[in-house]
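In: Quick one: sequence plus predicted model below, questions after.
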Amino acid sequence: MKIGPEYCVMMARYNTWQNRQVFDLLRDVDPAELTRDRGAFFGSILGTLSHLLWGDHIWMSRFDGGTAPEVPGDKSTTLVPTLGAWEAERVCMDGRIRLWADALDNSDLQGDLVWYSGVADRDMSKPMAFCVVHMFNHQTHHRGQVHAMMTAAGLAAPVSDLIFMPEEVA
């Protein structure tokens, strides 16, 4: 699998755009609606958003050597207690992803990434490009679940088509 830095920059921009839309659409929703169990894999809208943030945090710790989440994977739905806390952490994480992507060159995406997986309870090794694509795919997958929960709850949901991403997403 081959990807380049431009793919990472585009997907980092897309991630930021998507997360801003989600927050803007959920900002005024009753907190009880955000934490209501909706039968999704991670239960609620907030639980799924929390897990997604946790996933980005763990992958970025592997990619940039920075901090990892303080809670284990089986507690990923509890990383943030409120939508406001999610937004604050999300803005920081999206900035971290953007800075990382902007600094990449082709050589950063070559070779294998080696890490210890707490979920698998073993050392892992996969091609770096594969892991990067996985992180962005993981984001899209779980935001799709959030989109479905928002729609089922009668809430407006974000525009998610990549082709409609505005050029000015900074």
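Out: Happy to help now that I have it.

In: what's next to the top helix by length along the chain, contact-wise?
Out: The longest helix of the chain (DSSP state H) is helix 128-152. In this structure, residues lying in contact with helix 128-152 by CB atoms under 8 Å, 6 or more residues apart in numbering are 1-3, 8, 11, 14-15, 18, 22, 25-26, 38, 40-42, 44-45, 48-49, 51-52, 55-56, 59-60, 62-63, 108-113, 126, 156-158, 160. To be clear about C-beta, it is placed using only N, CA and C from the backbone, and glycine gets the same treatment.

In: Buried only: go through these for me.
Out: 3, 8, 11, 14-15, 18, 22, 25-26, 38, 40, 42, 44-45, 48-49, 51-52, 55-56, 59-60, 62-63, 108-109, 113, 157-158, 160 (16 or more other CB atoms under 10 Å).

In: Give me the subset of the residues you listed lying in helices.
Out: Short answer: these in helices (DSSP H) are 8, 11, 14-15, 18, 22, 25-26, 45, 48-49, 51-52, 55-56, 59-60, 62-63.

In: Output the below-cut-off pLDDT ranges for this structure.
Out: The chain contains residues with pLDDT under 70 at 170.

In: if we go to 90?
Out: The chain contains residues with pLDDT under 90 at 1, 118-119, 168-170.

In: Against residue 160, how distant is the residue lying closest to residue 119 once chain neighbours are set aside?
Out: Spatially, and ignoring its direct neighbours in sequence, residue 119 is nearest to residue 73 (4.7 Å; CB to CB, 6 or more residues apart in numbering). Separation of residue 73 from residue 160 (CB to CB, to the nearest Å) stands at 25 Å.

In: what do you get for residue 35?
Out: Residue 35 is 23 Å from residue 160, where distance means CB to CB.

In: Alright, I will stop here.
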